[in-house]
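Chemist: below are the sequence and a predicted model; questions follow.
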2 protein chains.
Amino acid sequence: MSGDHDGLRLRRTQSVTRAEEIQAEELKVRRSQPDKPCHKPRDSLFSWTSGFDNFTGFINWAFLLLFMGGLRLLLENFIKYGIRVDPIQWVYVLTGQDDSGTEHPSLILLLYSLVPVVLCLLTEKGLSVDIIPNSPGLIIQVINLLVLVMIPIVAIQIKDGFSLIGATTVSFIYCVVFLKLWSYVQVNMWCRTQQRHSKANHSFRRQSLSFSNLGKGDSKNDDHDQHLVQYPDNLNLRDLFYFMLAPTLCYELNFPKTSRIRKRFLLKRIVEVAIGMQLILAVMQQYMVPSVKNSLIPFSNMDITKASERLLKLAIPNHLVWLCFFYITFHSFMNLIGELLHFADRNFYCDWWNSNNIDTFWRTWNMPVHRWAVRHIYLPVVSMGYSRLSASVFVFFISAFFHEYMVSVPLKTFKIWAFMGMMGQIPLSLISKYMETNFGPRMGNVVVWASIIMGQPLCVMMYYHDYVVTHYGKDLLKDYSHV
Amino acid sequence: MSGDHDGLRLRRTQSVTRAEEIQAEELKVRRSQPDKPCHKPRDSLFSWTSGFDNFTGFINWAFLLLFMGGLRLLLENFIKYGIRVDPIQWVYVLTGQDDSGTEHPSLILLLYSLVPVVLCLLTEKGLSVDIIPNSPGLIIQVINLLVLVMIPIVAIQIKDGFSLIGATTVSFIYCVVFLKLWSYVQVNMWCRTQQRHSKANHSFRRQSLSFSNLGKGDSKNDDHDQHLVQYPDNLNLRDLFYFMLAPTLCYELNFPKTSRIRKRFLLKRIVEVAIGMQLILAVMQQYMVPSVKNSLIPFSNMDITKASERLLKLAIPNHLVWLCFFYITFHSFMNLIGELLHFADRNFYCDWWNSNNIDTFWRTWNMPVHRWAVRHIYLPVVSMGYSRLSASVFVFFISAFFHEYMVSVPLKTFKIWAFMGMMGQIPLSLISKYMETNFGPRMGNVVVWASIIMGQPLCVMMYYHDYVVTHYGKDLLKDYSHV
């Protein structure tokens, strides 16, 4: 089809050239007339035959219209609801404390997360010096990790006094600790296996050390690789806490380090985090909360038109919050921590905004998780002899579980919308690939964006609806619907 | 500043290259470790130092958000107002007849426009055969044109029974006839002057004819220039009516012609006009009318917040209507007429959407008027010895007058909002040029778009407000404000 198109263009160009010669001759004759002719044969720019294709001005047009639409919604919102931003809420966000509560269950749980971390280190220590045999040691580690992941489920379910944001923070931090300790245990296991292997064959260790010396000699000014830590020298609290704080989920013995902290860079990131979090809180209080509340009845009554309108209304602030969240988490905050810890690998995200299918999006938007999943699930599962597809599916299920975990645990509603949302990525992936193949990469990209923008508010609505139904009963919905 | 930037980039690139060598060496050493290292020093993509600049995905994002925002407004509008599109209105648009009227004053006025056209031809005929001397002849033509332009003002003011759309059509057609006849008279005057000159000096006419013969000999296959019409052979009804119908305001004796009518092209343009007009009517009935009505009170009370919100709300459908109007008028309709009349010059618009300042926009969006203004006002005024600036200002005032004319005459409210709007283009032009120079062409383009999108609804609001105040009195506004 593209070839045909080129052929037509070529023929057209040739005929245009001959026509142009005739025209030029004609124009010369006509120009000599006393009526000052000003017309000549030309096509309109929108006509296919004109060959014109510069519509870049419409890109500015789109962004301007978007900005103006946003501004109008802002004004409309202020006229309708007044100012709802309440900085006092900020205190609760920081402390994770509810209005009514005097205890700090979230803070206590967060502090408690140190226990499984230290337990993990002690077990590794024991394994390294052969106090604990290999198999029982691994079982201890697995139990430790499973208990770790169960703690928030049980604690938040049983104990009252958790604020929603406090409970979310706890679930999130416990997830992160779980993934980090998994990596820590697995890497140490690799090192132990290697060590045993090299004890049998001394040559490898020597080779490794000589490489290290070579690197040192070549780059004298560089103080990073003056000393490469070898297993089991890494098994100490300082190293483990550095890893727990570092903006990565993948443990390794010698992280690449930067030589200095850039003050200006650090300051910019701090300002971004401070302003960005205020912005997110403001947008949530001012836009999302009213939108979500207003959409309760249409969703409950399955009124398609009104529910769609509400969903689209919610989609914009929700998407704004997500974009803002993405930037301050994956750029500002992680770079901030990275700069403070001299952590040199800042590849926290790739260019997911250009991704032409759902798979690429999931591979690029969250690099710490993606790298963890590849290194600690996908590759080990493949090396165990399973197919690449099985490994992918396994990664997918783990990911879906943690998505569900981070939503259901704080909300105390064990619905499966987040899980279903993740599962929905499989047909979506097929659709986006179909669009990419048949309608070009641009359409694939549009499908990816559409799923990001629409998928999240759909999940938010479903969870909110179920949360209200579960905690306040169906009667409330009935009362509302008469208003 | 750009030089500095390049210098920094270069230095950065050099240091990156040296750093990369060290890194590669380091990585080689680290790769040999048993902990399968997966980190390497990298910058985040949003960091300036990463050098990454591919954000094309956000263009799709912007268009998608725009589409979704539009869809939501559509749903909201249907939920709030129901379906307001009324195809019966269509009949009134076509006949220009009001609900109450049984006469067709608009149609009568449109037919009457033939009188000054024929009168103009007769005068030209008289001038060409020296029955009417030159100066009195020109005075007759000027009076004829002035009377022509006064007819709608008087008729619409005195006679009731004009629908708004009927009156608008009449004003528009009379404007077009005025501009066309101005061109007709002036071109014939040029030819007459030339003829007299060549009667004194026979060589010129012969030279001109020989050019014509040369042109004929060179392009045998082309039947366009078999016969170049010479003054005064052009002074006949057939030629004048062709010009009156042709999609141009500039008269010339030999218009460039196409050899055939492209059936498919014609059909497409007809379908576009038919669908486009329905779409405009639907958007006006469904969106603009409620928006304009709702903004009456905030505008009257000078409530800045609410008025801004209303203005932004109105801006979107108004802009949509304008874009649609532009396309069906300047592309579909003019190409349709051009195709039917074998008129070959289809340069009805240039790429105004890419224009980086207001001046370029005015020079490119409406080529028939622009070409007319340059040929029949700007160049003659310059050749009379005035400066280019004076000529521009003169063009500007004529243009502002006709803008005001086409709005005030049908509305019967002689306010000067349209005139002021045109005058406002002068400071706007300075602003857009300032933005273009200081913030790059993109910002200039944004200013142009902003003025297009916001300027029109502002004028619409002002005229509607004054129309209501003039025709229904201030009391109505007071009644409204209690609601």
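Modeler: Happy to help now that I have it.

Chemist: what about the strand or helix carrying A:C120, near chain B?
Modeler: In the assignment (DSSP states H and E), A:C120 maps to helix A:114-128. No: legend: contact between helix A:114-128 and chain B by CB under 8 Å from any CB of the partner chain is lacking; minimum distance shown is 12.9 Å. Glycine gets a C-beta too; all of them are placed from N, C-alpha and C.

Chemist: what residues does that helix touch?
Modeler: By CB atoms under 8 Å, 6 or more residues apart in numbering or on different chains, the residues outside helix A:114-128 that reach it are A:132, A:134, A:137, A:140-141, A:144-145, A:147-148, A:177, A:181, A:184-185, A:188, A:192, A:231-232, A:235-237, A:240, A:244.

Chemist: do that again at 7 Å, thanks
Modeler: Where contact means CB atoms under 7 Å, 6 or more residues apart in numbering or on different chains, the residues beyond helix A:114-128 that reach it are A:132, A:134, A:137, A:140-141, A:144, A:147-148, A:177, A:181, A:184-185, A:188, A:192, A:232, A:235, A:237, A:240, A:244.

Chemist: quick one: contacts for A:F58?
Modeler: With contacts defined as CB under 7 Å, 6+ apart, the neighbours of A:F58 are B:W353.

Chemist: tell me the angle of the helix or strand harbouring it relative to helix B:57-81?
Modeler: Applying DSSP H and E as the criterion places A:F58 in helix A:57-81. Per axes from the mean of the first three to the mean of the last three CA atoms, to 10 degrees, the angle that helix A:57-81 makes with helix B:57-81 is 40 degrees.

Chemist: if we can go back for a sec, put the buried members of the contacts of helix A:114-128 into a ChimeraX selection.
Modeler: Burial among the contacts of helix A:114-128 is assessed by 16 or more other CB atoms under 10 Å in any protein chain shown; the matching ChimeraX selection reads:
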select /A:132,137,140,141,144,148,177,181,184,185,188,192,232,235,240,244
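
Chemist: which other helices and strands does the one helix or strand A:M461 maps to contact?
Modeler: Taking DSSP H and E as the definition, one finds A:M461 inside helix A:425-472. The contact analysis (3 or more CB pairs under 7 Å, 6 or more residues apart in numbering or on different chains; DSSP states H and E) places helix A:425-472 against helix A:289-294, helix A:296-301, helix A:304-326, helix A:358-364, helix A:388-411, helix A:417-423, helix B:57-81.

Chemist: which one of those lies nearest to A:G82?
Modeler: In terms of CB to CB, the element of the helices and strands packed on helix A:425-472 nearest to A:G82 is helix A:289-294, at 10.7 Å.

Chemist: list the contacts of that closest one.
Modeler: Counting by CB under 7 Å, 6+ apart, A:Y81, A:R310, A:K313, A:L314, A:P317, A:V460, A:M461, A:Y464 sit against helix A:289-294.

Chemist: related to what we said a few turns ago, out of the helices and strands packed on helix A:425-472, which is closest to B:Y327?
Modeler: Going by CB to CB, the one of those nearest B:Y327 is helix B:57-81, 17.0 Å.

Chemist: any weak-confidence spans in the stretch 151-300 of chain A?
Modeler: A:202-226 (pLDDT under 70).

Chemist: wait, what's in contact with whichever residue of it sits closest to chain B?
Modeler: Nearest residue of the stretch 151-300 of chain A to chain B, counting by CB to the nearest CB: A:Q194, 3.3 Å away. Shown in contact with A:Q194 (CB under 7 Å, 6+ apart): B:P34.

Chemist: separation between it and A:Y231?
Modeler: Using CB to CB, to the nearest Å, A:Q194 is found at 8 Å from A:Y231.

Chemist: likewise A:I398?
Modeler: In terms of CB to CB, A:I398 sits 26 Å off from A:Y231.

Chemist: more neighbours, those two?
Modeler: Between A:I398 and A:Y231, counting by other CB atoms under 10 Å in any protein chain shown, A:Y231 is the more crowded of the two (19 against 15).

Chemist: what sits against that one?
Modeler: Contacts of A:Y231 (CB under 7 Å, 6+ apart): A:N188, A:C191, A:R192, A:Q195, A:L253, B:P34.

Chemist: so which bits of the helix or strand encompassing the third one are buried?
Modeler: Per DSSP H and E, A:R192 falls inside helix A:164-200. For helix A:164-200, the buried set under the neighbour-count rule, 16+ other CB under 10 Å, comprises A:165-172, A:174-175, A:177-192, A:194-195, A:198.

Chemist: what residues are up against A:G57?
Modeler: Taking CB under 7 Å, 6+ apart, one finds B:W353, B:N354, B:N445 in contact with A:G57.

Chemist: what is the burial count for the second one?
Modeler: The criterion is other CB under 10 Å. On that basis, B:N354 has 18 neighbouring residues.

Chemist: so it makes contact with A:I59?
Modeler: No: using CB atoms under 7 Å, B:N354 makes no contact with A:I59, being 10.1 Å away.

Chemist: just confirm A:N234 is within a helix.
Modeler: No: checked against DSSP: H, G, I helix; E, B strand; the rest coil, A:N234 lies outside a helix; its state is coil.

Chemist: am I right that it is in contact with A:L253?
Modeler: Yes: A:N234 lies in contact with A:L253 (CB under 7 Å); the separation is 4.8 Å.

Chemist: ok, A:P427 to chain B distance?
Modeler: 20 Å (CB to the nearest CB, to the nearest Å).

Chemist: tally of neighbours for that residue?
Modeler: With other CB under 10 Å as criterion, A:P427 counts 10.

Chemist: check what pLDDT it gets.
Modeler: On the pLDDT scale, A:P427 is placed at 85.

Chemist: for A:L411, same thing?
Modeler: Residue-level pLDDT assigned to A:L411 equals 81.

Chemist: with A:V393 instead?
Modeler: So, for A:V393, pLDDT stands at 86.
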